[in-house]
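Visitor: here is my input; please provide its structure:
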Amino acid sequence: MGSSMIGSWLGHLGALIAVLVILWSCRKTVQFKARTDNLQILLQLVSFYARYWFVWLLVWANVQLLYDNQAIYWLLIALSLLYIYMSWVEPNRLRVSRFSINLTVPTTYQAATDISLAAPSSQPIKRQPIKLHQAAKIAVLSDIHIGIFSNPHQLARLVKCLNRLDVDAVLILGDWLYQATTLDAHLSPFKTLNKPCYTVFSDADTRQVVDDAQNSEPARNMQLMNILATFGIQLLPEQGLRIAGIKIIGIHNGSTMDLPRVIEQQRSAGQPLVIATHDIKQLEANPRTLSDANNDTLVIAGQTHGGQVNIPILTPLMVRALTGNKLAAGLRTPDIPKQSDYHPKAFNEDDKPSKRYQVWVNTGIGMTGLPFRFNCPPTIDVLTIQVQTVDA
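Guide: The predicted model follows:
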């Protein structure tokens with residue numbers, strides 16, 4: 001009798017929670033004043049808030065096990081734990097990863113150097129990198145996606161984490177919003193950021209128009225760039241700036257500027273180059289855009305979210321199929337260069353490796369599509385970009 005009463009009470013509670021999840025999701029959909037499909041956003045929000053129902057399911061299945069040890073209840077427990085972890089735990093597991101990337105500058109391109117060039121030889125030269133006293137430490141993050149799956153507390157925790165890092169600057173690689181209409185409450189933590197902060201814009205960012213809720217008059221539309229500037233977040237210029245002596249340029253909205261000319265200028269001056277963009281595939285769509293980039297060039301990008309749900313082998317294939325990006329996350333090293341690679345005028349184009357530059361892809365902070373992360377927590381990448389020289 002007691003077990004049936006408990007089961008009945010829990011059953012009614014589960015139905016009540018399910019109804020509340022749907023009603024709350026409807027309310028939030030109306031609040032967001034979505035400019036896209038309201039039904040799609042409603043379903044996304046239901047999947048987001050369903051985590052509360054899965055907490056109930058976890059409790060219910062455990063209670064059922066007390067009276068009837070069946071495999072189905074164990075399966076429901078596993079399913080509930082997985083859903084709660086993917087939708088609640090891992091999206092809030094902010095991680096900091098640290099990685100060193102070496103940009104190789106041949107000594108032949110140095111205007112002034114203390115390093116003597118090796119004598120000509122018919123034997124292959126053993127190149128020994130010599131570190132220069134030049135390195136930039138940059139905190140890289142992307143795809144914050146302020147909107148239906150985020151809250152101000154998450155961004156406040158993100159800024160606190162950035163403030164604790166020993167870096168020269170913070171670089172945010174676009175996709176700021178996801179179905180958001182107001183930003184002031186979310187972005188206010190950036191006023192306390194104690195480091196220079198730069199950003200590049202994605203295609204979506206340049207189209208975003210949001211409400212300025214700080215205005216005492218009826219909310220008026222503003223471009224995202226103007227709002228970010230009020231919080232001390234600067235647009236990374238296409239002309240570039242130097243961080244710890246290393247030139248970093250920003251590519252916005254997929255615009256490739258005159259990258260071949262910029263790359264050639266940097267190579268001629270014997271200087272490394274860092275290119276920050278949102279989506280690497282937009283730069284690689286035209287083979288000529290980065291055709292002269294060598295391993296003295298690093299491209300930093302986001303956009304992939306690391307797949308959000310990271311299943312070895314399967315996720316990289318899905319990321320490539322859905323986004324066109326060949327790298328889901330992390331570092332892509334250049335093809336092994338030939339000795340002639342350090343002399344760009346001496347190449348036979350047929351022998352030229354297709355990818356002689358390095359690429360770093362950040363897994364992102366926020367979520368889009370379905371509100372899940374698994375084996376792919378939101379990550380701040382602290383990149384130490386070190387310049388090296390080799391004998392050519």
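
Visitor: so what's Leu235 up against?
Guide: Listed by C-beta atoms under 8 Å, 6 or more residues apart in numbering, the contact set of Leu235 reads Tyr198, Thr199, Val200, Phe201, Met225, Leu228, Ala229, Gly250, His252. Where you see a C-beta, it was placed from the backbone N, CA and C, and this is true even at glycine.

Visitor: what does Asp166 give?
Guide: Per C-beta under 8 Å, 6+ apart, neighbours of Asp166: Lys137.

Visitor: show me where the stretch 251-392 of the chain has strands.
Guide: With DSSP state E, counting those that start in this stretch as the criterion, the stretch 251-392 of the chain has strands at 273-276, 297-301, 330-332, 358-361, 379-390.

Visitor: same check on the stretch 51-200 of the chain?
Guide: 95-106, 130-141, 146-147, 169-172, 177-178, 197-199.

Visitor: what's the closest of these to Gln265?
Guide: Evaluated over these, closeness to Gln265 peaks at strand 95-106, with 13.9 Å, by C-beta to C-beta.

Visitor: returning to that earlier point: okay, the strands of the stretch 51-200 of the chain in CSV with mean pLDDT next?
Guide: What follows is these, written out as CSV (pLDDT from 0 to 100):
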stretch, mean pLDDT
strand 95-106, 91
strand 130-141, 75
strand 146-147, 90
strand 169-172, 96
strand 177-178, 90
strand 197-199, 95
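
Visitor: returning to what we had before: can you tell which of the strands of the stretch 251-392 of the chain is closest to Ser25?
Guide: strand 379-390 (28.2 Å).

Visitor: nearest spatial neighbour of Leu10, chain-adjacent residues omitted?
Guide: Leaving aside its chain neighbours, Leu10 sits nearest to Trp60 (5.0 Å; criterion: C-beta to C-beta, 6 or more residues apart in numbering).

Visitor: if I look at the one you found, how far off is Tyr67?
Guide: Relative to Tyr67, Trp60 is positioned 12 Å away (criterion: C-beta to C-beta, to the nearest Å).

Visitor: do Arg373 as well
Guide: For Arg373, the distance to Tyr67 - C-beta to C-beta - is 35 Å.

Visitor: more neighbours, these two?
Guide: Arg373 (27 against 13; other C-beta atoms under 10 Å).

Visitor: tell me the contacts of the nearest residue to the more buried one once chain neighbours are set aside?
Guide: Excluding the flanking residues, the one nearest Arg373 by C-beta to C-beta, 6+ apart is Glu90, at 4.4 Å. Neighbouring residues of Glu90 by C-beta under 8 Å, 6+ apart: Arg373, Phe374, Asn375, Cys376, Pro377.

Visitor: for Leu23, find the nearest of the strands of the stretch 251-392 of the chain.
Guide: Going by C-beta to C-beta, the one of the strands of the stretch 251-392 of the chain nearest Leu23 is strand 379-390, 34.4 Å.

Visitor: for the closest one, name the packing helices and strands.
Guide: Applying 3 or more C-beta pairs under 8 Å, 6 or more residues apart in numbering; DSSP states H and E, one finds that strand 379-390 contacts strand 95-106, strand 130-141, helix 152-164.

Visitor: roughly how far out does the last one sit from the chain middle?
Guide: Averaging C-alpha coordinates over helix 152-164 and over its chain gives two centres that are 16 Å apart (C-alpha atoms, centre = their mean, to the nearest Å).

Visitor: over to the first one?
Guide: Taking C-alpha atoms, centre = their mean, the mean C-alpha location of strand 95-106 is offset from the chain mean by 16 Å.

Visitor: relative to His252, how far out is Ala204?
Guide: 12 Å.

Visitor: the more surrounded of these two?
Guide: Ranked by neighbour count (other C-beta under 10 Å), Ala204 and His252 place His252 first, with 22 against 17.

Visitor: which SS state does the nearest residue to the more buried one once chain neighbours are set aside fall under?
Guide: Leaving aside its sequence neighbours, His252 sits nearest to Phe201 (C-beta to C-beta, 6+ apart; 4.4 Å). Following DSSP: H, G, I helix; E, B strand; the rest coil, we place Phe201 in the coil state.

Visitor: phi, psi for Phe201 please.
Guide: As for Phe201, its main-chain torsions (degrees, to the nearest 10) stand at phi -110, psi 140.

Visitor: thinking it is in contact with Gln223, fair?
Guide: No. Between Phe201 and Gln223 there is no contact under C-beta atoms under 8 Å: 10.2 Å.

Visitor: looking at the two, which is more packed in?
Guide: It is Phe201, of Phe201 and Gln223, that has more neighbours when counted by other C-beta under 10 Å, with 27 against 14.

Visitor: how near is Gly366 to Ile17?
Guide: 26 Å.
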